[in-house]
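Peer 1: how would this look folded up:
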Amino acid sequence: LPSLGSKSAPTKFARNYEDVKIFLRRYDRLCKAYNVRDAEKCERIIDYCSRSVVRLIESLQSYRDDWAQLYEDLLEFYDADLKETRYNVRDIRKLAKKWYKKKISNLRTWKKYQREFITISGWLVSKRKLTMDEEAVYFWHGINKTLRRRIESTYVARNASVDLTQAFSIEAINKIAQVIFTRNWFNTNLIDSDH
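Peer 2: Okay, the predicted model is just below:
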């Protein structure tokens with residue numbers, strides 16, 4: 001097996017729950033590529049771990065010769081499941097409430113809102129903890145009242161037969177916000193300009 005730090009070696013595992021699954025998958029693939037037997041996988045894994053991780057591994061019964069169990073033990077002890085519960089619906093509500101109180105008056109702030117929102121909502125949607133319709137509703141609720149009115153009036157003007165019982169899509173909201181916050185608006189440099 002390649003030594004720690006070489007190009008084909010996995011990054012040193014230092015007990016981060018977010019890294020444990022990735023580390024174990026890479027290490028396992030590496031061992032398969034080098035035709036390493038399970039007992040040797042157990043023995044050699046410590047070459048790619050921090051001292052504190054090595055201390056734990058060496059104290060586990062599975063370290064002796066049970067690679068499948070050692071794999072599961074490491075996932076368990078380093079709380080790999082925590083990565084699967086990174087966000088919950090309460091987090092998206094809290095974010096929407098926080099942003100509702102903020103004034104978004106330029107494209108940079110708008111994009112910051114989008115990034116923060118999508119980071120949480122995208123994860124929740126991918127884990128089926130939030131539907132796309134719910135995502136759109138929370139996105140809308142995170143926009144302050146003044147900007148929401150501007151977006152809504154533009155949306156309704158563009159879509160005369162709009163169904164106001166359905167949330168506007170994030171994509172549609174974003175397109176309108178991009179126009180509202182255009183950086184090179186013709187009157188940007190005028191003295192009394194709102195842009």
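
Peer 1: now F139, nearest residue through space, not along the chain?
Peer 2: I170 (5.0 Å; CB to CB, 6 or more residues apart in numbering). Quick note: C-beta positions are derived from backbone N, CA and C, even for glycine.

Peer 1: correct me, but the one you found touches E135?
Peer 2: Yes - checked against CB atoms under 8 Å, the pair I170 and E135 is within contact range at 6.9 Å.

Peer 1: with neighbour numbers in mind, choose between the two.
Peer 2: E135 (21 against 18; other CB atoms under 10 Å).

Peer 1: ok, that one to V89 distance?
Peer 2: Using CB to CB, to the nearest Å, we find E135 at a distance of 10 Å from V89.

Peer 1: which residues sit against the top helix by length along the chain?
Peer 2: Identified as the longest helix of the chain according to DSSP state H is helix 107-126. Residues from elsewhere that reach helix 107-126 (CB atoms under 8 Å, 6 or more residues apart in numbering): 86-89, 91-92, 95-96, 99, 102, 104, 130-132, 135, 138-139, 142-143, 174, 177-178, 181-183.

Peer 1: what's the answer for stretch 2-14, then?
Peer 2: With CB under 8 Å, 6+ apart as the criterion, stretch 2-14 contacts 1, 19-20, 23, 26-27, 30, 47-50, 52-53.

Peer 1: can you check stretch 16-36 too?
Peer 2: 1-2, 8-11, 13, 40-41, 44-45, 48, 71, 74-75, 78-80, 82-83.

Peer 1: ok, of these, which come out buried?
Peer 2: 1, 9-10, 13, 41, 45, 48, 71, 74, 78, 80 (16 or more other CB atoms under 10 Å).

Peer 1: adding distance to R64, pLDDT and secondary structure, write the residues you listed out as a markdown table.
Peer 2: Shown next, in a markdown table, are those (distance: CB to CB, whole Å; pLDDT from 0 to 100; DSSP: H, G, I helix; E, B strand; the rest coil):
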| residue | distance to R64 | pLDDT | secondary structure |
| --- | --- | --- | --- |
| L1 | 19 | 81 | coil |
| A9 | 24 | 78 | coil |
| P10 | 22 | 82 | coil |
| F13 | 20 | 88 | strand |
| K41 | 12 | 92 | helix |
| I45 | 12 | 92 | helix |
| Y48 | 18 | 92 | helix |
| Y71 | 14 | 93 | helix |
| L74 | 15 | 92 | helix |
| Y78 | 20 | 85 | coil |
| A80 | 22 | 69 | coil |
